[in-house]
Each structure stands twice: as structure tokens, then as C-alpha cells.
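1. Sequence below, structure please.
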Amino acid sequence: MSKYGPALFSVALSIGAIVGYFSFLRVPFIRNHPALYVAAEGPKILRRAGIHAIRGKSLRLTSRLIELADARGYTVKAPRDPQKRGGTIALDVPHGYEVTQHLLSRNILVDYRVGTGIRIAPHFFTSEEELEEVIFEIDAALQSGSWQRFSENVAVVT
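-> Numbers count the residues shown, from 1 in each chain. Predicted coordinates:
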């Protein structure tokens, strides 16, 4: 499985759950019964991994991401208190929208919100090396100016 396989699997599970829910309600515009079988795997995966282990890893990864950002002087838009923090860290960096487009072009899955910055959401299958990779790519985009090729068509949300 590629390094993006787990993320794509997670998306498929989410879509399957939504479609399955509407199928269960007998909403006439959605009849995707196979989605029910896909959706059923999500809770099984979470149960095997363990919800406390997932939260523990999320805290470690988001803390590491904050450390990496702080070391570079990037503005972190997330609670510093781990007990108040969710699984997403936003980094407000110069040319944030364009840097986000650079990251997406490198198959690094993030999104962007005006006034918040680049949103990075490590999951239980994310490695510390992948966190270092996203920060490295942010650094590279800013230092090389590669973000500039995305400056023409700026959207509000990615």
C-alpha cells in the first residue's frame, strides 16, 4: 500500500459511512448497500488500534508539529495545552495559501483557511517522518520561492 493508502482508505470509510447512513434511512437518491460493508470496517480499525492509543499518538504528533513550527518561528494557531487541543494544527506562514498549493502539488494532504493558515491533521497512521517532511516542504517552498507559481489564482478555501 502506498504511503497515501491509509488516508485514502479513511476517506473511503467516511464516504461509505455517510452513504450507508442515507441508505439506512431509505433516502431515495442514494442506494449504495455495498457502502454499508465498507463503513463497518472503520469502527473495527479504531477498536483494534485502541481509542486511547490513537489519542495518545495524536497528542505526541501534534506536540511534535508544534515543536517543529516553533523552531522555525511559524505562528501556531492551536491550543498549547494538549488537553484543549484537537488533532489539527494550523500554521500561519507567509504566503500560506500558495504554500498550501505547493504542498498539495507534492501530494501532501493539507488544507488552508484565511486567517488561520495551513491546517495539518496527523492521524494515527501518520509517522513523525511525515511531519518532518511537511515542515521541510514548507521551508523549501518559502526559501526557494516555489510558492510563487501558485500566486495567480487564490481561493479562500482549499
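
2. Could you report the neighbour count for residue 117?
-> For residue 117, the count of nearby residues is 23 (other CB atoms under 10 Å). C-beta: built from backbone N, CA, C; applies to glycine.

3. Helix or strand: which one has residue 122?
-> Using DSSP states H and E, residue 122 sits in no helix or strand.

4. contacting residues for the spatially most central residue of the chain?
-> When CA atoms, centre = their mean is applied to the chain, the residue found nearest the centroid is residue 121 (3.4 Å). Residues near residue 121 by CB atoms under 8 Å, 6 or more residues apart in numbering: 87-89, 110.

5. and it, how far is that from residue 106?
-> Distance from residue 121 to residue 106, counting by CB to CB, to the nearest Å: 17 Å.

6. all strands in the protein, in order from the N-terminus.
-> 75-77, 89-92, 111-113, 117-120 (DSSP state E).

7. And the second one, what's buried?
-> For strand 89-92, a neighbour-count test (16 or more other CB atoms under 10 Å) marks 89-91 as buried.

8. Contacts for that strand next, please.
-> Outside strand 89-92, the residues that touch it by CB under 8 Å, 6+ apart are 62, 65-66, 69, 74-78, 113, 116-121, 138.
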